[in-house]
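[1] Below are the sequence and a predicted model; questions follow.
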Amino acid sequence: MLKVMDYEPTGLRILDQTLLPGRTQTVLLSSPADVARAISRLAVRGAPAIGVAAAYGLALAVDPRHSLRVAQRRLLAAAHLLKAARPTAVNLAWAVDRLMAEPSVQSATDTLALRRALERAAAAMEADDRRFGEAMAAHGADLLTGVRGILTHCNTGALATTGPGTALAVIMELWRRGERPAVYADETRPLLQGARLTSFELTEAGIAHQVLVDGAAAWLLAQGAVDAVIVGADRICKNGDVANKIGTYGLALSARAHHVPFYVAAPSSTFDASLADGNLIPIEQRDQNEVLSFAGRRVAASGASAWNPAFDVTPGAFVAGYITEVGVLHVENGMVQWPQTRTGPREATQP
Ligand code: MRU
């Protein structure tokens, strides 16, 4: 499995995903500002992965040579910086809030203890992410056993998390169990997370698949070639509305029109109980050049401008089920229903 990040004594080493699949190159990030920049430019990306990267970024804010008071001040500044790196994926703010509220972080009596507490909490978060990915893969594969064709969007595999992934992990688990659905991956304009990253992961795993342009998805569904659509998520509101990579909403509309179930795979860290519905989700707008250029070359007419939202919102009513680490959840009485045994998703504050 690909390793998206590795915490080292001198910093956080990440795989630079902007260079894949052509080049496999790592970059050492030695400060919270480095981590925030890597998150903004999508060198590290995918909702769960940016949460864990930010967690390690907080540890990097603490220099054991500083006094505790200085270290705490720098830590707070780093928390603000990291939370502001990308607005839509709630995992980022959730991870930062969770580390800052950690009892061992709050009660550290010297700077070294503070750094170690942050490192331990970040490592625990990474381990949870892996465990949750494995559980989602198993629940999703149980649910989708027997599907003959499956369509996904964006990249939701090992590159997007620190474990096996979310939606793509389900597809990989189906294959591991001997199922052989036809796998279709949207290319995912404008940054091609599907064509560059999902296709790379599937190829590495020896899984036969076809990449299609996003505009072909509705027509593929019309052919009856797909029994299930499965995507990841960047934020899921209390009522089940889902923010995910731009193009997801159109895919959900098409799936609905063709009576194909549309599933969302996401860990509890992607659920935001503080937002009642999708209208409240901050949607990241990215640089126009991502749309106007292709592979570094201008393709749109000079003078053209672009609208480039990185995400869209799919109504909860379009979602057949949420595949989580605790099982497959549904919306009832206007709310995602969590099992009684857990407290439900925590709330994250905005930057
Ligand atoms: O802009 P990106 O590449 O970070 O967008 C990623 C997605 O939209 C994924 O579908 C989402 O984060 C779920 S990842 C497991």
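    That came through, no problem. Residues are numbered from 1 along each chain as shown.
[2] Need phi/psi at the residue in the stretch 101-250 of the chain that the ligand sits nearest to.
    In the stretch 101-250 of the chain, the residue that lies nearest the ligand is G232 (2.7 Å; CB to the nearest ligand atom). Any C-beta I mention is one placed from the backbone N, CA and C, and that applies to glycine too. Backbone torsions of G232, given as degrees, to the nearest 10, read phi -90, psi -160.
[3] and the spatially closest residue to it that is not a sequence neighbour, what does it touch?
    Leaving aside its sequence neighbours, G232 sits nearest to T156 (CB to CB, 6 or more residues apart in numbering; 3.5 Å). T156 makes contact with G46, G165, T166, A167, L168, A169, T198, V231, G232, A265 under the criterion CB atoms under 8 Å, 6 or more residues apart in numbering.
[4] Report the contact partners of the residue lying closest to G240 once chain neighbours are set aside.
    Nearest residue to G240, sequence neighbours excluded (CB to CB, 6+ apart): G316, at 2.4 Å. With contact taken as CB under 8 Å, 6+ apart, G316 is in contact with C237, N239, G240, D241, V242, G278, V331, V336.
[5] and which of these is nearest to D129?
    Relative to D129, the closest of these is V242; by CB to CB it sits at 19.1 Å.
[6] Give me the distance between the residue nearest to G240 and A233.
    11 Å (CB to CB, to the nearest Å).
[7] what do the two both touch?
    Counting by CB under 8 Å, 6+ apart, the residues touching both G316 and A233 are V242.
[8] For the stretch 201-350 of the chain, what lies in contact range of the ligand?
    The interface of the stretch 201-350 of the chain toward the ligand, taken as CB under 6 Å from any ligand atom, is made up of G232, A233, D234, N244, K245, A310.
[9] Out of those residues, list just those in helices.
    Assignment to helices by DSSP state H places none of these there.
[10] In strands, which of the contacts of G316 appear?
    C237, V242, V331, V336 (DSSP state E).
[11] got a pLDDT number for the residue of the chain most remote from its centre?
    Within the chain, the residue lying farthest from the chain centre (CA atoms, centre = their mean) is S67, at 35.5 Å. Looking at S67, its pLDDT reads 98.
[12] For it, give me its contacts.
    T111.
[13] And the spatially most central residue of the chain, how close does it get to S269?
    Centroid-nearest residue in the chain: A47, 2.4 Å away (criterion: CA atoms, centre = their mean). A47 sits 8 Å away from S269, going by CB to CB.
[14] Also A95?
    Look at A95 and S269: by CB to CB, they are 7 Å apart.
[15] Repeat that for L212.
    The gap separating L212 from S269 is 30 Å, by CB to CB.
[16] more crowded one of those two?
    Legend: neighbour count by other CB atoms under 10 Å for L212 and S269, higher for S269 (25 against 17).
[17] Any of the contacts of T156 buried? List them.
    Buried subset of the contacts of T156 (neighbour count, 16 or more other CB atoms under 10 Å): G46, G165, T166, A167, L168, A169, T198, V231, G232, A265.
[18] Restricted to strands, list the residues you listed.
    The strands, defined by DSSP E, take in V231, A265 from the buried ones among the contacts of T156.
[19] The buried ones among the contacts of T156 into JSON lines, with extra columns for pLDDT?
    Formatted as JSON lines, the buried ones among the contacts of T156 follow (pLDDT from 0 to 100):
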{"residue": "G46", "pLDDT": "98"}
{"residue": "G165", "pLDDT": "98"}
{"residue": "T166", "pLDDT": "98"}
{"residue": "A167", "pLDDT": "98"}
{"residue": "L168", "pLDDT": "98"}
{"residue": "A169", "pLDDT": "98"}
{"residue": "T198", "pLDDT": "98"}
{"residue": "V231", "pLDDT": "99"}
{"residue": "G232", "pLDDT": "98"}
{"residue": "A265", "pLDDT": "98"}
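[20] Pick out the most distant pair among the buried ones among the contacts of T156.
    Of all pairs drawn from these, the one with the longest distance (CB to CB) is T198 and A265, at 13.5 Å.
[21] can I get the CA coordinates of stretch 262-278 in CSV?
    Taking Å, rounded to 0.1, in the frame of the first residue of the first chain, the C-alpha atoms of stretch 262-278 are listed here in CSV:
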residue,chain,number,x,y,z
PHE,A,262,-25.7,6.1,-4.7
TYR,A,263,-23.5,5.3,-1.7
VAL,A,264,-21.1,7.5,0.3
ALA,A,265,-18.2,6.0,2.3
ALA,A,266,-16.8,8.2,5.0
PRO,A,267,-15.4,7.9,8.6
SER,A,268,-17.1,9.6,11.5
SER,A,269,-14.5,12.4,11.3
THR,A,270,-16.2,13.5,8.1
PHE,A,271,-19.6,14.0,9.7
ASP,A,272,-20.3,17.5,11.0
ALA,A,273,-23.1,17.5,13.5
SER,A,274,-22.8,21.3,13.9
LEU,A,275,-24.2,22.0,10.4
ALA,A,276,-27.9,21.4,9.9
ASP,A,277,-27.7,21.2,6.1
GLY,A,278,-25.5,21.5,3.1
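[22] Could you check that stretch and say which residues are buried?
    Buried residues in stretch 262-278, counted by 16+ other CB under 10 Å: 262-275, 278.
[23] Check stretch 327-340 too.
    In stretch 327-340, counting by 16+ other CB under 10 Å, buried: G327, V328, L329, V331, M335, V336, W338.
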